[in-house]
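*Asks:* here's my sequence, what's the structure:
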Amino acid sequence: MTREVFIVARNCPGIYRYLTQTFAGAENVQVIWDRRDTDRRGIERRGAAQGSAERRRAERRQRATINAELKAYGYAFLTLD
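*Replies:* Sure, this is the predicted structure:
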């Protein structure tokens with residue numbers, strides 16, 4: 001069964017409330033808050049040297065447009081197979 005997921009920006013409680021009420025009876029639809037706090041690449045970890053080179057070669061998130069959609073609309077929509 002295909003799942004549909006709405007990811008809602010933390011600063012948009014009205015959108016979250018609307019979507020949860022609208023899709024309350026839909027078994028294949030999930031509405032969740034964006035749980036990401038910050039981009040952890042910019043946060044120093046204890047024991048990490050200052051000015052150390054970035055070791056990640058590429059963005060791990062599969063859908064880079066989620067950030068843009070959250071900023072523009074307050075939510076992002078995903079279809080998961």
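*Asks:* for the rest of this, base every contact and every neighbour count on C-alpha atoms.
*Replies:* OK.
*Asks:* correct me if wrong: Asn28 contacts Thr79.
*Replies:* No - with contact defined as CA atoms under 8 Å, Asn28 does not count as touching Thr79 (9.9 Å).
*Asks:* give the residues shared as contacts by the two.
*Replies:* Residues within reach of Asn28 and of Thr79 at once, by CA atoms under 8 Å, 6 or more residues apart in numbering, are 2-4.
*Asks:* using TSV, lay out these together with distance to Phe23 and secondary structure.
*Replies:* As requested, the shared contacts of Asn28 and Thr79 are exported to TSV (distance: CA to CA, whole Å; DSSP: H, G, I helix; E, B strand; the rest coil):
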residue	distance to Phe23	secondary structure
Thr2	15	coil
Arg3	12	strand
Glu4	10	strand
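*Asks:* neighbour-wise, give me the winner out of those.
*Replies:* Among the shared contacts of Asn28 and Thr79, Glu4 has the most neighbours (other CA atoms under 10 Å), with 17 neighbours.
*Asks:* so that one is in contact with Ile32, correct?
*Replies:* No - the criterion here is CA under 8 Å, and Glu4 misses it with Ile32 at 10.9 Å.
*Asks:* pretty sure Asp37 is in a strand, no?
*Replies:* No - read with DSSP: H, G, I helix; E, B strand; the rest coil, Asp37 is coil and lies in no strand.
*Asks:* tally of neighbours for it?
*Replies:* Asp37 has 7 neighbours, counted by other CA under 10 Å.
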